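Trainee: Here you go, sequence then predicted model.
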Amino acid sequence: MHRFLSALIITILFVCAAPVAALSMDTSGGTAGQAVVVTLDAPAFVTFQMNSGVPVYAYGSTISFIPAASGTLSITATAAGQTAVASVPVATGGSSGGGGSDTPPVFWRTVTLPKGDFSVTADNSKKSYPVSWQSGLGVLQKAGISFKVSDKWDSGLFTIEVDGTPNEGLAGWMYQVNGLSPGVTADQKPVSNGDEVIWYYSESMSQTPDQSPKAFYFRVQTSSVLAPGSSSTGTGETGTGDGVTADGATAEAVSYPLSLPPGSDLRLSDGRMHLTVNVPMATSSGDTITFAGNTMIITRDDVTLRIRFVDFTDKIGVSSGTIADVTAETKPVQVTCPNGATPEIGLFVSLMTVPMDADIGSTITPISGLSDVPTAILSAANTVLGAEGMTVSTAGWLMNVEKRGLENGVDVGDVTVRITVDPAFIRQAGGLSALRLVHIMDDGTAEVLVLRSVGTTADGRMILEAGPAKGLSSFIFVSIMEAPVASGTVAIPPVASPASSTAPTQSGTALSAICAAVAGLIGVTGIYCNKKR
């Protein structure tokens with residue numbers, strides 16, 4: 001008996017003294033734009049850091065991470081006091097081969113370039129130069145990637161640094177447009193809708209983007225909308241300054257981040273998206289996460305993301321499920337008009353994919369007269385309204401929406417615009433039938449969005465909605481009037497109405513007094529108002 005107890009004690013001591021098995025990690029993959037898969041022998045908190053950049057967090061035992069560029073991916077996993085680390089070299093993907101697409105399997109970002117120009121200061125001389133947004137250098141500016149230029153050479157602004165990496169010796173930054181290296185500096189190279197632009201660090205004159213240690217891939221969308229504070233003449237002069245209209249009204253600019261919070265793991269399986277979120281880790285970044293049934297509600301700054309799951313589980317703060325749909329709702333922006341009117345405008349966006357790194361920016365500018373409306377926008381609006389036999393009488397406000405990491409029809413689906421306004425202005429404008437919201441799409445064409453009333457606020461303001469619009473680009477709020485009769489056409493006069501004493505006018509005199517930004521677009525008076533009623 002004593003021998004048995006001694007053996008048992010020795011066995012227990014041996015087991016207790018045995019070291020805890022170390023956390024093991026296996027990785028596979030190493031191509032930009034394709035998943036690096038991490039497999040662990042136990043669920044763990046995992047940190048991904050690409051090229052010592054911003055860390056991305058996830059939780060699980062099998063996690064996929066898609067690096068956007070080449071370089072070094074550092075991975076750290078922690079569970080039960082054990083840590084495993086790995087360093088994965090990431091190369092730029094080559095041709096897909098096998099007779100497939102010629103497009104390399106890398107991460108392409110879509111940038112939308114407005115008309116007009118922006119200012120660039122040469123690093124050596126400190127002189128400022130106007131550069132077209134729709135240029136090779138405009139692509140970097142719009143994508144938010146830092147760069148430095150030099151005006152040492154007369155041929156243009158030579159790029160000497162991109163994303164913190166400077167030129168050294170014979171190595172430096174190059175760019176391609178549709179697979180070709182232009183013979184001019186990037187500030188002088190115009191780009192068009194559909195162009196593919198690649199910026200890459202070349203260690204020799206013969207190096208290609210897929211051989212580069214650092215490369216950025218962009219698909220270009222061009223817009224007919226003039227960037228706020230820009231000039232379409234290329235002079236860089238605006239006359240009124242950034243964000244200020246001709247009559248002194250201030251344009252409102254807001255940015256809405258749409259990326260998933262830290263602690264998120266998104267995987268694609270059988271054509272469906274599966275999301276896992278470590279809620280405590282996600283909320284540590286400042287996001288607020290709540291749940292309504294199978295819907296996860298992520299609130300940050302001025303935007304709310306709603307992710308609805310087909311199925312849903314929550315275990316010790318780690319929530320996961322298969323995604324059914326994703327929507328984004330922006331906080332309404334209040335526009336201050338010269339007369340003190342304050343309409344509020346917000347967006348409801350249906351997302352076709354879950355954005356890993358994306359945002360939208362909105363700039364809303366009150367308009368005091370049709371002369372303030374860019375010619376291309378006014379022309380597009382009149383063209384589409386012509387199908388109704390109408391034309392623009394006055395314009396109220398113009399909202400330009402920029403997209404980063406998003407593409408209409410691919411990432412962005414239907415969009416609804418919500419407007420809150422004092423009902424007195426709607427009555428003065430002749431009712432909703434006299435008002436339209438016109439959506440100017442990325443290709444310059446337009447669609448008319450009819451306004452509808454969906455309720456009132458607690459303080460009696462009217463809530464209007466317009467949509468669905470086909471994506472995000474530019475929206476202009478207008479009042480309408482009957483299009484003038486073409487010369488040589490015999491017009492049948494309207495039946496006289498006792499209340500009608502004035503004819504329709506395009507002068508907008510009454511409207512100019514109340515800031516046509518939803519705020520009282522009185523462009524249809526007299527006969528037209530009575531006919532509509």
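Mentor: Received it, and whenever you're ready, just let me know what you need.
Trainee: so what's Met174 closest to, chain neighbours aside?
Mentor: In space, and not counting its chain neighbours, Met174 is closest to Ser202: 4.7 Å by C-beta to C-beta, 6 or more residues apart in numbering. To be clear about C-beta, it is placed using only N, CA and C from the backbone, and glycine gets the same treatment.
Trainee: For the one you found, which residues are in contact?
Mentor: By C-beta atoms under 8 Å, 6 or more residues apart in numbering, Ser202 lies in contact with Ala171, Gly172, Trp173, Met174, Ser212.
Trainee: ok, what's across the strand from it?
Mentor: Counting by DSSP bridges, Ser202 is bridged to Gly172.
Trainee: quick one on the thing from earlier: most neighbours of all the contacts of Ser202, which one?
Mentor: Trp173 (24 neighbours; other C-beta atoms under 10 Å).
Trainee: thinking that one is in contact with Asp163, fair?
Mentor: No: in this structure Trp173 lies outside contact range of Asp163 using C-beta atoms under 8 Å: 9.1 Å.
Trainee: circling back: nearest to Thr83 among the contacts of Ser202?
Mentor: Ser212 (32.6 Å; C-beta to C-beta).
Trainee: re earlier: nearest to Pro343 among the contacts of Ser202?
Mentor: Closest to Pro343, out of all of the contacts of Ser202 and judged by C-beta to C-beta, is Trp173, at 44.9 Å.
Trainee: Poorly predicted segments of this protein, please.
Mentor: 1-21, 33, 53-59, 68, 93-107, 205-206, 224-252, 270, 337-341, 485-533 (pLDDT under 70).
Trainee: Surely Asp287 touches Leu260?
Mentor: No: with contact defined as C-beta under 8 Å, Asp287 does not reach Leu260; the gap is 9.5 Å.
Trainee: Helices of this structure, start to end?
Mentor: 2-17, 136-143, 279-283, 375-385, 423-428, 509-512, 527-532 (DSSP state H).
Trainee: Residues in contact with stretch 157-172: which ones?
Mentor: Contacts for stretch 157-172 (C-beta under 8 Å, 6+ apart): 120, 122-123, 129, 131, 137, 140, 145-152, 173, 175, 185-187, 199, 201-205, 214, 216.
Trainee: Return a selection command, for use in ChimeraX, containing the buried ones of those.
Mentor: In ChimeraX, a selection of the buried entries from the contacts of stretch 157-172 looks like this (16 or more other C-beta atoms under 10 Å):
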select :120,122,123,129,131,137,140,147,148,149,150,151,173,175,185,186,187,199,201,202,214,216
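Trainee: Which ones among the contacts of stretch 157-172 map onto strands?
Mentor: Among those, DSSP state E puts 120, 129, 131, 147-150, 173, 175, 199, 201-202, 216 in strands.
Trainee: Export these to TSV and append columns for distance to Pro67.
Mentor: Shown next, in TSV, are the ones in strands among the contacts of stretch 157-172 (distance: C-beta to C-beta, whole Å):
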residue	distance to Pro67
Val120	29
Tyr129	34
Val131	30
Phe147	21
Lys148	25
Val149	28
Ser150	31
Trp173	20
Tyr175	21
Trp199	17
Tyr201	16
Ser202	20
Phe216	13
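Trainee: What is the nearest of those to Leu305?
Mentor: Of the ones in strands among the contacts of stretch 157-172, the one sitting nearest to Leu305 (C-beta to C-beta) turns out to be Phe216, at 26.1 Å.
Trainee: Not counting sequence-adjacent ones, nearest residue to that closest one?
Mentor: Among residues not flanking Phe216 along the chain, Trp199 sits closest, at 4.6 Å (C-beta to C-beta, 6+ apart).
Trainee: Now do the contacts for that neighbour.
Mentor: Val139, Leu140, Ile145, Val162, Trp173, Met174, Tyr175, Ala215, Phe216, Phe218.
Trainee: again, only using 10 Å
Mentor: Residues near Trp199 by C-beta atoms under 10 Å, 6 or more residues apart in numbering: 136-137, 139-140, 143, 145, 147, 159, 162-163, 173-176, 186, 209, 212, 214-218.
Trainee: What of Thr456?
Mentor: By C-beta under 10 Å, 6+ apart, the contact set of Thr456 is Thr420, Pro423, Met462, Ile463.
Trainee: try Thr121
Mentor: By C-beta under 10 Å, 6+ apart, the contact list for Thr121 reads Lys127, Ser128, Tyr129, Lys148, Val149, Asp151, Leu157.
Trainee: now these as JSON lines including distance to Met390?
Mentor: Below are these laid out as JSON lines (distance: C-beta to C-beta, whole Å):
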{"residue": "Lys127", "distance to Met390": "49"}
{"residue": "Ser128", "distance to Met390": "44"}
{"residue": "Tyr129", "distance to Met390": "43"}
{"residue": "Lys148", "distance to Met390": "50"}
{"residue": "Val149", "distance to Met390": "47"}
{"residue": "Asp151", "distance to Met390": "50"}
{"residue": "Leu157", "distance to Met390": "46"}
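Trainee: ok, these vs Thr92, which is closest?
Mentor: Closest to Thr92, out of all of the contacts of Thr121 and judged by C-beta to C-beta, is Lys148, at 23.3 Å.
Trainee: And the strands in the stretch 1-150 of the chain, which stretches?
Mentor: Here the stretch 1-150 of the chain has its strands, by DSSP state E, counting those that start in this stretch, at 25-28, 36-50, 56-65, 71-79, 82-90, 108-115, 117-121, 128-132, 147-150.
Trainee: The stretch 301-450 of the chain too?
Mentor: Ranges of strands in the stretch 301-450 of the chain, per DSSP E, counting those that start in this stretch, are 303-309, 313-315, 318-330, 333-334, 344-351, 359-366, 390-404, 412-421, 435-440, 446-449.
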